[in-house]
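[1] attaching a predicted model along with its sequence, questions to come.
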Amino acid sequence: MLWTGGASVTRGGGEYGRFWLKGRAVYAHRASYALTYGEVPEGLTVDHVRDRGCTGTLCVNPLHLEAVTNKENILRGDSWSGVNARKTHCPQGHPYDEENTRTRPRGSRDCRACDRARKRAHPDGR
């Protein structure tokens, strides 16, 4: 079920249903979640869960909503971070597993097999 009332576009470009309640703006999907399950727990955000049939950010079906951390919400999405986090293999087909993957401090991953091949092909570091 999609929100058909007023909406606003966020800085990130998403469009979310919004309405005024007791003098403040309220997001429709958060209100739907709260009416069904109770207040959103501190530190969590409401995610529109695609695997539950959610069609987008104007959805207010409480069965499509879940309270998750902001990190989980981002990783489930279509952003660069989310898409890359779901990759299971490097572009050359090597697995991103514990043995073959180096994780950098900011979260990006390197394939150890590709690094070894690159070093064999260019011993001087090119």
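    Great, that's in hand. Predicted model, so just to flag it, every value in this text is computed and none were measured.
[2] how about low-confidence regions in the protein?
    125-126 (pLDDT under 70).
[3] try 90 this time
    Applying pLDDT under 90 to the chain flags residues 1, 6-14, 55-56, 74-82, 84-86, 106-108, 122-126.
[4] could you pull out the strands in it for me?
    Remark: strands assigned in the chain by DSSP state E are 7-9, 15-21, 24-27, 45-48, 65-68, 101-103, 109-111.
[5] tell me the contacts of the most centrally placed residue in the chain?
    Centroid-nearest residue in the chain: I74, 2.3 Å away (criterion: CA atoms, centre = their mean). Residues near I74 by CB atoms under 8 Å, 6 or more residues apart in numbering: S81, G82. In this view, the C-beta of every residue, glycine as well, is placed from N, C-alpha and C.
[6] go again with 6 Å.
    By CB atoms under 6 Å, 6 or more residues apart in numbering, the contact list for I74 reads S81.
[7] circling back: need the strands of the chain in a markdown table with mean neighbour count and distance to Y37, can you?
    Formatted as a markdown table, the strands of the chain follow (neighbours: other CB atoms under 10 Å; distance: least, CB to CB, whole Å):
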| stretch | mean neighbour count | distance to Y37 |
| --- | --- | --- |
| strand 7-9 | 12 | 23 |
| strand 15-21 | 14 | 18 |
| strand 24-27 | 12 | 15 |
| strand 45-48 | 20 | 10 |
| strand 65-68 | 20 | 8 |
| strand 101-103 | 12 | 34 |
| strand 109-111 | 16 | 35 |
